[in-house]
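S.K.: Coordinates only, no sequence provided:
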C-alpha cells in the first residue's frame, strides 16, 4: 500500500551526488496558493516549436510501435529524423542492464551523433548536459515501462532501511528524463528543478532535464484514439465537469493528498470550470451517474472501482483522469488491472501512474498539475512541474504536447459548447462580483434552458454553503435536463441540499419520486442510501 510520506521526505536528499545532480534543491509549495496567471497563448508557432523539440522513440521489434510513431509524428509535424527505433524487450518490466544496453546507451549515442545535445567532457561522469535541443520525448507503445530492482549494481550506493535510498527500481520515463547525467549511483531519487515551474520548458534553462511521456495503453487502437482526441480537443478546448474525490481524512500522514484535491477544486471553481466534489472516506458511489467527465482526480483504491467499474462507463474525449495509488501504473497495457490501463480504455486521453511504491509526497502534486494544465502548459510540462523528484516511480501516459486548455480555445466559441462557455463567463463574473455573476448565470440559464448552467450555479452555491439557493437552482436544473443520468445526478445533489436546508420531507419526497420514475437507473441505489426513512436498508 502507498505509505504516507514522512515530513522528513520533504527535505530528504538521496545522496549528495544524486540530490545535486540537477543543480537545484527540493522546493515546497503551499496548497491553496496556486498561480492565477493568464493562460498561455496557443498557436502555430507554439506547436511548431514543441514539435521541433520532440523525439519519438519506438520499439523495432514491434511493428505496431513503428506505425504508432509514424502516425504521431505525422499528426504533430515532428521531423522524420527525430523518429527513432530501438531494439529492446517487448516486456513492460526489464532489468537495469537491459535498460542501459538497449535503451539508455543507444539513445545517448544518437543524441551525440545527431548533435541533439552538447555534453561536458567525458571525464566528468556526472555530466552535465550543456545544451539540449530535445525538450520532449514521446515513448510509443512497445517501449518497456519500468526497470526492476537491481541489487549489486556496480557503482551504486543504496542505503539499507532508508525509505528512498534503498530503492533503485524506477519508471523508464522518469529515468530517461535525466538521460545525460550518466550516474552510477542509481538508488534514490533526484530533485527536480522544474518542480512548481511557471515557464515553458524551452525557456526554463534546464538542459539536463527532458520531459518524457509515453503514448501507451491496452491496445494500439486506444493509443491512436488518445492522439486523435488530444489534437481535436485542442481545437475546441476541454469542456465538461471536473470530479474531485477527496477522503476527508484526519490522518496527518495522509492529509497532503486531500489538500491537493481541495486546492485544485478551488482553482477550477474560480476559473469557470464546474466541480463536483465528493468529500467522504469512500469513493464516488457505484451508482453515481458521473457524466460529462472532463477531469477526474481522486484516491484511494488499488483496482478500478466506483462508477468507473460500471460496464459501458465512458470519459469525455480529451479527458484527463488520475487516481492516486501506489501501483496505479504497475501495468498500462491491461484494461482490467489497477487504474492507468482501465482509465485509458474508458476514454481518457492522458493520466499519471506509479509503477512501484512512490510514497505520497513523491507522487505528482495534483493541485500543481491541474493548475499548470489550466494555465495552458502541455501535458508533459504540467506533469513534471508537479513532481518533486525524477529518476523515480512516475509514468506520464499521454501525448506530451497535449494542451487541453489555452487562451486560443477560449476564443473559439461553438454552438456545441455554448452552455459550457456561458457558464464559464458567468462563473468568472460570480467571483468578481457575486451579485452580477448570479444575474448573468440565471439569465443565460433561462435563455438557453440549460441544465448545465443551472447545475453549475448550484455547485457554486453549494461551495458557499448556501443550501437554500442551491436547492432552488437544482430544481431548475432538474426541469431543464432531459437525459436520465443528468436528472439523477441533479436529484442526488438536490436531496443532499434539501437536507442541509432542513427540508427533510421534501428531500425524501424527491428521492421517492426519482426512484419510482427511473427504477432501472444505477443511481437509484445512491438515492435510496440518501433517504433511509423511505427506503430502509
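M.R.: Ah, there it is. All of these numbers come straight from a predicted model, not from anything done at the bench.

S.K.: tell me which helix or strand of the protein sits lowest on mean pLDDT?
M.R.: Taking mean pLDDT, DSSP states H and E as the measure, the helix or strand of the chain with the lowest value is helix 16-20, at a mean of 39.

S.K.: can you give me the strands in the stretch 151-300 of the chain?
M.R.: For the stretch 151-300 of the chain, the strands defined by DSSP state E, counting those that start in this stretch cover 170-171, 190-191, 211-215, 241-246, 275-279, 293-298.

S.K.: can you list contacts of the third one?
M.R.: Under the contact criterion C-beta atoms under 8 Å, 6 or more residues apart in numbering, strand 211-215 has outside partners 68, 72, 135-141, 143, 145, 173-174, 176-177, 201, 223, 226-227, 332, 378-381, 383-384, 395-400. (C-beta placed from N, C-alpha, C; glycine too.)

S.K.: Return the subset of those lying in helices.
M.R.: 68, 72, 173-174, 176, 223, 226-227, 379-381, 383-384 (DSSP state H).

S.K.: Could you single out the nearest of the residues you listed to residue 185?
M.R.: The nearest member of those to residue 185, counting by C-beta to C-beta, is residue 174 at 15.7 Å.

S.K.: you'd agree that closest one is up against residue 393?
M.R.: Yes. Between residue 174 and residue 393 there is a contact under C-beta atoms under 8 Å: 6.9 Å.

S.K.: any chance you could map the helices in the stretch 51-200 of the chain?
M.R.: All helices of the stretch 51-200 of the chain, identified by DSSP state H, counting those that start in this stretch, fall at 63-76, 96-98, 105-113, 172-176.

S.K.: With residue 472 as the reference, name the closest of the strands of the stretch 151-300 of the chain.
M.R.: strand 275-279 (18.4 Å).

S.K.: Starting from the closest one, tell me which strands it pairs with and how they run.
M.R.: Strand 275-279 pairs in its sheet with strand 241-246 (parallel), by DSSP bridges.

S.K.: Show me how far the strand it pairs with is from its chain's centre.
M.R.: Chain-centre distance of strand 241-246: 12 Å, with C-alpha atoms, centre = their mean, to the nearest Å.

S.K.: on that earlier part again, return the most buried member of the helices of the stretch 51-200 of the chain.
M.R.: Comparing the helices of the stretch 51-200 of the chain by mean neighbour count (mean count of other C-beta atoms under 10 Å), helix 172-176 comes out on top with a mean of 25.

S.K.: Average pLDDT for that one, rounded please.
M.R.: Here helix 172-176 scores 98 as its mean pLDDT.

S.K.: What is that helix packed up against?
M.R.: Contact here means 3 or more C-beta pairs under 8 Å, 6 or more residues apart in numbering; DSSP states H and E; on that basis helix 172-176 packs against strand 136-140, strand 146-147, strand 211-215, strand 394-397.

S.K.: distance between the last one and the chain's centre?
M.R.: Relative to its parent chain, strand 394-397 has a centroid offset of 9 Å by C-alpha atoms, centre = their mean.

S.K.: So what touches it?
M.R.: Contacting residues not belonging to strand 394-397 are listed as 145-146, 171-174, 212-217, 329, 332, 340, 344, 350-355, 358, 363-364, 379-380, 383-384, 387 [C-beta under 8 Å, 6+ apart].

S.K.: Would you mind measuring from residue 375 to residue 514?
M.R.: 39 Å (C-beta to C-beta, to the nearest Å).

S.K.: Verify the contact between residue 258 and residue 252 for me.
M.R.: No. Using C-beta under 8 Å, residue 258 makes no contact with residue 252, being 11.0 Å away.

S.K.: The two: which has the busier surroundings?
M.R.: Neighbour comparison, residue 258 and residue 252: the larger count goes to residue 258, with 19 against 9 (by other C-beta atoms under 10 Å).

S.K.: show me the contacts for the more buried one.
M.R.: By C-beta under 8 Å, 6+ apart, residue 258 lies in contact with 246, 247, 248, 249.
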